[in-house]
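1. Have a look at this prediction, sequence included:
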Amino acid sequence: MSEVIGLKEWAVAVEALEQGKQILIMRKGGIREETRDFEVESDSFYLYPTYEHQRQELVKPPYAPRVEALASAWNREQSELTVRCYAELAEDILIDSQEQLDKLRSFHIWTDRFAEERLKWKRTKPLHVMLLRVHTLDEPVRVPILPEYNGCKSWIGLPAERLHAAVRTPVLSDEAFAKRVDEVKTALNG
């Protein structure tokens, strides 16, 4: 079976990306990553929503109710999951200080506490802040939930036959996306 790359991300964050509320995600690496450190495996991938580790107290108050709503719609016994988004990596910015991380506060849904914990985990490794150009699938695609998708790892192989023909539409226009990227870079450099 042919595969395409998927990146696991909290369902609440995928929803924020899909709605254009943020253009970035943060990665340090999962316990089950092959190298134990995060590495960018592809410049384009599908976003695979996860429900296991997301918690209301780790996202800013406006997004906390969505954690519960998304979790309540999720059933651990499901055999399939809906993929709604595709992403292209515009830039992978490495963050190694709290000062840099604080400058990104207004650009994401996570609490300061959560962002700080991500930065401090594996102190000698930088935090990857990935700027993503997100596209919604015109028709969401159901993919099987396979045992190899479980656990703390970022990248998974998804069945290509269900995803390769999916028509995609950018969440933000070229101009709007470029403006958001510029805002992030200006905040980091200012």
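-> Happy to help now that I have it. Keep in mind the model is a prediction, meaning the values are calculated, not measured.

2. name the helices or strands packed onto the biggest helix by length in the chain?
-> Across the chain, the longest stretch assigned as helix under DSSP state H is helix 174-189. Counting contacts by 3 or more C-beta pairs under 8 Å, 6 or more residues apart in numbering; DSSP states H and E, helix 174-189 packs against strand 80-95, strand 127-144. Every C-beta, even on glycine, is put in place using the N, C-alpha and C of the backbone.

3. how about 10 Å then?
-> strand 24-27, strand 80-95, helix 98-102, strand 127-144 (3 or more C-beta pairs under 10 Å, 6 or more residues apart in numbering; DSSP states H and E).

4. which of the ones you listed is buried the deepest?
-> Each of the helices and strands packed on helix 174-189 was scored by mean neighbour count; the highest is strand 24-27, a mean of 21, by mean count of other C-beta atoms under 10 Å.

5. Point out where the protein drops to low pLDDT.
-> For the chain, the stretches with pLDDT under 70 are 1, 29-37, 73-77.

6. Show residues contacting the longest helix of the chain.
-> 20, 22-24, 88, 90-91, 93, 95, 99-108, 129, 131-134, 170-173 (C-beta atoms under 10 Å, 6 or more residues apart in numbering).

7. Mind doing that once more with 8 Å?
-> With contact meaning C-beta atoms under 8 Å, 6 or more residues apart in numbering, helix 174-189 is reached by 20, 23-24, 90-91, 93, 100, 103-104, 106-107, 131, 133, 170, 172.

8. can you check stretch 88-95 too?
-> 23, 26, 40, 42-45, 101, 104, 119, 126-133, 135, 177, 181, 184, 188.

9. Just the buried positions in the longest helix of the chain, please.
-> Phe177, Arg180, Val181, Val184, Leu188 (16 or more other C-beta atoms under 10 Å).

10. partners of the strand or helix carrying Lys8 in the sheet?
-> If you go by DSSP states H and E, Lys8 is part of strand 3-10. Its sheet considered, strand 3-10 pairs with strand 44-50 (parallel), strand 155-159 (antiparallel) by DSSP bridges.
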